[in-house]
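*Asks:* Show me how the following folds:
(one chain, ligands or ions: 1)
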Amino acid sequence: VLGIGGLASILIALFAGLFLAKRALVPIQLSWEKQQQFIADASHELRTPLSVILVNLERLFRSPERTIEEESEHIMVSIQETRRLNKLVGDLLTLARSDSNELQILKQKVAMDELVQKSVHTFRQLAVVRGIEIETDIQQPLELNGDQERIQQLLVILLDNALKYSNEQGKIAVSCKREGQGITLVVKDNGIGIAKEDIPYVFDRFFRADKMRSRQTDGTGLGLSIAKWIVDAHGGRIRVESEEGAGATFTVWLPAKHG
Ligand code: ADP
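*Replies:* Coordinates of the predicted model:
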């Protein structure tokens, strides 16, 4: 019963988040069709975890003779789906705010070498469990003018994907170097890669390659569209090269000074 109480409060917080997300869904740069598509896709993505939570809570509520194991299973599934919803709402808020120019890109001094090292360090701990190695080649010092928090978010998206779409015992290589009037960051993995016909769409909102859906990886299909927004807002460029089955390489160039 305590479990249900806890879940209920998480759900209330979530619906408050959803309400805010809906209020913020007034992108001023998107065409009417794109807005409609965004709302339709968002609703569709939100409905799936909500339905799973509802079914699990109803089962908890309606079957008086459930075992402790069954109870734990329903609660665990509900928690997992609530986490997914939470991430989805957070990503939707970021995109909605970026559309309406509510998000400011700060111009701070960012020590890129340190930031990349720090992010890789966090992911190494997750990688090691799956026997995945992360190599680095980072020039020092590397400084740019930008928004530290957003650049860290970009690193997390790229590293998280590299890890998510790697096979066990895979290899990830991260390099960061000066190039022209800016810095080039490369995140390369030797994982499952992206099919040729899917490559043009990976930066689109809600795009997930079909195979990925079936692999049940934890994702929203919004990460790379947020990554692209962050890079564009800094006046940089992002591109991907990939071959199915042979991994993917994401290359980002950020200017040392922007704006
Ligand atoms: P998701 O939450 O699904 O990872 P993203 O927007 O970050 O969403 O990525 C969109 C899609 O691009 C993914 O679903 C996956 O199909 C593909 N993708 C992204 N990064 C990689 C990668 N490193 N290797 C293979 N496929 C990738």
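
*Asks:* Can you show me the strands along the stretch 1-150 of the chain?
*Replies:* 108-111, 133-138, 143-146 (DSSP state E, counting those that start in this stretch).

*Asks:* Of those, give the one that comes closest to Thr67.
*Replies:* Smallest distance to Thr67 across the strands of the stretch 1-150 of the chain (Cβ to Cβ): 42.0 Å, for strand 133-138. Glycine gets a C-beta too; all of them are placed from N, C-alpha and C.

*Asks:* how much space between the residue of the chain most remote from its centre and Glu71?
*Replies:* Farthest-out residue of the chain from its mean C-alpha position, per Cα atoms, centre = their mean: Glu65, at 39.7 Å. Distance from Glu65 to Glu71, counting by Cβ to Cβ, to the nearest Å: 11 Å.

*Asks:* Enumerate the residues of the protein near the ligand.
*Replies:* For the chain, the residues found near the ligand under the criterion Cβ under 6 Å from any ligand atom are 157, 161-162, 165, 189, 191-194, 202, 207-209, 212, 219-225, 248.

*Asks:* Would you mind writing the ChimeraX command to select the buried ones in these?
*Replies:* Restricted to buried positions by 16 or more other Cβ atoms under 10 Å, the ChimeraX selection for the residues of the chain next to the ligand reads:
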select :157,161,162,165,189,191,192,193,194,202,207,208,209,212,219,220,221,222,223,224,225,248
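
*Asks:* and the residues of the chain next to the ligand, which of them are in helices?
*Replies:* The members of these that map onto helices under DSSP state H are Ile157, Asn161, Ala162, Met212, Gly223, Leu224, Ser225.

*Asks:* Quick check: the two most widely separated of the residues you listed?
*Replies:* Ala162 and Ser225 (17.2 Å).

*Asks:* Any stretches of the stretch 1-150 of the chain with poor pLDDT?
*Replies:* 1-29 (pLDDT under 70).
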